[in-house]
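Undergrad: Sharing a model that was predicted from the sequence below.
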Amino acid sequence: EPEVTQTPSHQVTQMGQEVILRCVPISNHLYFYWYRQILGQKVEFLVSFYNNEISEKSEIFDDQFSVERPDGSNFTLKIRSTKLEDSAMYFCASSEILGVRLFFGSGTQLSVL
Amino acid sequence: DAKTTQPTSMDCAEGRAANLPCNHSTISGNEYVYWYRQIHSQGPQYIIHGLKNNETNEMASLIITEDRKSSTLILPHATLRDTAVYYCIVIGSGGSNYKLTFGKGTLLTVNP
């Protein structure tokens, strides 16, 4: 079965540093998403992306966050100046049709110290 | 989006059917019932979805009541690898109702 791949699997950073989380969605998918899960809490929607534009973002996705599809295969999430509360597992997902049958990656565990 | 209610946890014996209930009494006509699961420390995994007819795929069956106010996910022969948190999510089609809103789900523990 095709899969979404995410790198790195773990990222440790200092507060205030910039991090880029990378994802390779399934090749024929058109819609891309980032979700996150703080330890012990629910999985939360961050942003959806289609046709090189953000379709929708949550209130969590503030000016410190940005997404990009730099080369037609990768899909990245950048956090400009990390905060302690950004520590979480970040999941990338993709789908052929908006909101239908999302395929999730295995996540990047971000630890901000 | 319609809210869903699921039991916090359930147990099932290996090899037996696991029946996971979900209540969604405020579901509207164009909203689908989706099931995802999350095995510990992994990303959520799509299982199945339906509108009003019962659905079956290689992973599970979805039974939706005639009034659509509740549904049951059935794993016909549960294995230890099916131990996971199972999420029942109601999503509309189109507009801004496509976002998956994960609740706390049901922790299914399959016992040997």
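TA: Yep, that arrived. What you see is a predicted model, and the numbers here were worked out from it, not measured in a lab. Numbering: from 1, shown residues only, chains lettered A, B, ... in the order given.

Undergrad: gap between the nearest residue to B:H40 once chain neighbours are set aside and chain A?
TA: Take B:H40 and drop its neighbours on the chain: the residue closest to it by Cβ to Cβ, 6 or more residues apart in numbering or on different chains is B:A84, 7.3 Å away. In short, each C-beta sits where N, CA and C put it, glycine included. As defined by Cβ to the nearest Cβ, to the nearest Å, B:A84 lies at a distance of 13 Å from chain A.

Undergrad: neighbours of whichever residue of chain A sits closest to chain B, just the number please.
TA: Residue nearest to chain B within chain A: A:G99 (2.6 Å; Cβ to the nearest Cβ). Neighbour count for A:G99, taken as other Cβ atoms under 10 Å in any protein chain shown: 21.

Undergrad: picking that back up, what is the neighbour count of the residue nearest to B:H40?
TA: 21.

Undergrad: same deal with A:S9?
TA: Counted with other Cβ under 10 Å, A:S9 comes out at 11.

Undergrad: and it, backbone torsions?
TA: phi -80, psi -30 (degrees, to the nearest 10).

Undergrad: now it: how far from A:E44?
TA: Distance, A:S9 to A:E44, by Cβ to Cβ, to the nearest Å: 20 Å.

Undergrad: Which elements pack onto the lowest-mean-pLDDT helix or strand in chain A?
TA: Ranked by mean pLDDT, DSSP states H and E, the helix or strand of chain A with the weakest confidence is strand A:53-57, at a mean of 92. Other elements packing on strand A:53-57 under the criterion 3 or more Cβ pairs under 8 Å, 6 or more residues apart in numbering or on different chains; DSSP states H and E are strand A:43-50.

Undergrad: residues in contact with the strand it packs on?
TA: A:30-38, A:54-58, A:60-61, A:65, A:67, A:69, A:75, A:77, A:90-91, A:98, B:38, B:44, B:98-102 (Cβ atoms under 8 Å, 6 or more residues apart in numbering or on different chains).

Undergrad: Return the members of these classed as buried.
TA: A:31-37, A:55-58, A:60-61, A:65, A:67, A:69, A:75, A:77, A:90-91, A:98, B:38, B:44, B:98-102 (16 or more other Cβ atoms under 10 Å in any protein chain shown).

Undergrad: I figured A:Y35 was touching A:S94, is that so?
TA: No - checked against Cβ atoms under 8 Å, the pair A:Y35 and A:S94 is beyond contact range at 11.7 Å.

Undergrad: Show me where chain B has its strands.
TA: Counting by DSSP state E, chain B has strands at residues B:9-13, B:18-23, B:31-38, B:45-50, B:55-56, B:61-64, B:70-75, B:84-92, B:106-111.
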